[in-house]
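Visitor: compute the structure for the input listed below.
(one chain, ligands or ions: 1)
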Amino acid sequence: MALPSSLEWTGVSLKLLDQRRLPHQEHFLDLTCWQEVAEAIVAMAVRGAPAIGVAAAWGVVLAARDGADLEAAFSGLRASRPTAVNLGWALDRMAQLLADSPEASVDQFIALASWIEAEDRRLNQALVDHGVALLSPGTRALHHCHTGGIATAGVGTALGVIASAHARGLLRHAWLDETRPRLQGSALSAWELGHLGVPCTVIVDGASGLLMRRGEVDVVLVGCDRVAANGDVANKIGTYNLALAARAHGIPLYVCAPGSSIDRCTPDGDAITIEERDPEEITSMHGESITASGVRAWNPAFDITPAHLISGIITEFGVLRAPYRSALADLPLADQR
Ligand code: MRU
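Guide: The predicted structure follows:
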């Protein structure tokens, strides 16, 4: 069964799949101004680093179309989520158009946002092809968070590799971390792999160590929100624990990173801003409190996996290996800022 697209420009608005309603409802939002796009990113109606970058580009289109204050639109969209560099990647390109052509027409903004969306699809597919080439027949892959098609404009990154491995007869099973607190694994990855007919099982995040110890995992595949110049990676909270467990069990962990997630201007993981979200995401579930009143919670949305725990970084250019600083420096990417 075909998956719905994460987003679509209708010509007058941005039609956005509301990921908060999945897996039970395929509900679309109709966003008509840049502020609504920024709110959708903050609230995680759209999420996944590549998808929020593409959505932000369309947010700029709406601002240009409405004759809104473009500086306010750029800074409002840029501030919507701090960790994923894909947001800056897309917005820098839109800002460059304005810098090069201060009188740029709405059609020029539309053409550039369409290019950004198409480029994301291209990067996804190239990355997936390199990733799947790493896998042997019978692979049992463990995945964290959600990195599939609806986290991007295309086929996804790490989950795209898993889906492609299944299509090519290489995948025996996919283990999906449920991914507390927002449950991207159980709500989104399991739904998406179900659509694609990929055999998978959801586990609680804490079960991965036992699974590895029992010899049930051949490879760990994750996405990322930002790769620093030294190869340290920011990804969904829990990735670091997974990387430590994988290393302890001698299991390779690969990070899937399109060029839009690579930030050579940030020297290392410690320099990456980690988004901290409302503690209520931890203390309640589906609007119901699950802790005693007054219980405190700390809710970092991402963590940093140091480069030395990463077996390879899968990009659209191929699979990078340590030492990552030089491998990343050699990539033919346009740097941000
Ligand atoms: O907070 P989220 O759900 O946006 O976090 C998503 C992740 O951590 C993904 O691994 C990453 O954005 C890559 S999506 C292709």
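Visitor: can you show me the strands along the stretch 51-200 of the chain?
Guide: Listed in chain order, the strands of the stretch 51-200 of the chain (DSSP state E, counting those that start in this stretch) span 139-143, 171-177, 200-203.
Visitor: other residues contacting whichever strand or helix holds Leu211?
Guide: Element membership for Leu211, per DSSP states H and E: helix 208-213. Contacts of helix 208-213 with the rest of the structure, by C-beta atoms under 8 Å, 6 or more residues apart in numbering, involve Leu142, Trp175, Asp177, Ile203, Val217, Asn241, Leu242, Ala245, Ala246, Ala248, His249, Ile251. C-beta here means a position set from N, CA and C on the backbone, and glycine is covered the same way.
Visitor: repeat for stretch 29-44
Guide: Counting by C-beta under 8 Å, 6+ apart, residues outside stretch 29-44 touching it are 10, 12-16, 18-20, 45-47, 52, 55-56, 58-60, 62-63, 66, 68, 73, 76-77, 79-81, 87, 182.
Visitor: intersect the residues you listed with the contacts of the ligand.
Guide: Intersecting those with the surroundings of the ligand, defined as C-beta under 6 Å from any ligand atom, gives Arg47.
Visitor: and stretch 309-326, end to end?
Guide: Counting by C-alpha to C-alpha, to the nearest Å, the length from the leading to the trailing residue of stretch 309-326 is 17 Å.
Visitor: centre of the chain to that stretch, how far?
Guide: In this view, stretch 309-326 has its centroid 18 Å away from the chain centroid, taken as C-alpha atoms, centre = their mean, to the nearest Å.
Visitor: circling back: what's the PyMOL syntax to select whichever of the contacts of helix 208-213 are buried?
Guide: Here is the PyMOL command that picks out the buried ones among these, judged by 16 or more other C-beta atoms under 10 Å:
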select buried, resi 142+175+177+203+217+241+242+245+246+249+251
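Visitor: re earlier: would you list the buried entries among the contacts of stretch 29-44?
Guide: Under a neighbour-count criterion of 16+ other C-beta under 10 Å, the subset of the contacts of stretch 29-44 counted as buried comprises 13-16, 18-20, 45-47, 52, 55-56, 58-60, 62-63, 68, 73, 76-77, 80-81, 87, 182.
Visitor: mind listing which of these are in helices?
Guide: Among the buried ones among the contacts of stretch 29-44, the subset assigned to helices under DSSP state H consists of Ile52, Ala55, Ala56, Trp58, Gly59, Val60, Leu62, Ala63, Ala73, Gly76, Leu77, Leu87.
Visitor: can you pull the pLDDT of the fourth one?
Guide: Just to be clear, that refers to Trp58. The predicted local distance difference test score for Trp58 is 98.
Visitor: part of a strand, is Val319?
Guide: Yes - checked against DSSP: H, G, I helix; E, B strand; the rest coil, Val319 lies within a strand.
Visitor: report the contact partners of the nearest residue to it once chain neighbours are set aside.
Guide: Closest residue to Val319 apart from its sequence neighbours, by C-beta to C-beta, 6 or more residues apart in numbering: Gly312 at 4.6 Å. Under the criterion of C-beta under 8 Å, 6+ apart, the neighbours of Gly312 are Leu134, Pro252, Tyr254, Val255, Val319, Leu320, Arg321.
Visitor: how about 6 Å then?
Guide: Residues near Gly312 by C-beta atoms under 6 Å, 6 or more residues apart in numbering: Tyr254, Val319, Arg321.
Visitor: which parts of stretch 84-92 are buried?
Guide: Going through stretch 84-92 with 16+ other C-beta under 10 Å, the ones that come out buried are Ala84, Val85, Asn86, Leu87, Gly88, Trp89, Ala90, Leu91, Asp92.
Visitor: same question for stretch 156-168.
Guide: Applying a neighbour-count criterion of 16+ other C-beta under 10 Å, the buried positions in stretch 156-168 are Gly156, Thr157, Ala158, Leu159, Gly160, Val161, Ile162, Ala163, Ser164, Ala165, His166.
Visitor: report how many residues lie close to Leu123.
Guide: Using other C-beta atoms under 10 Å as the criterion, Leu123 is surrounded by 23 other residues.
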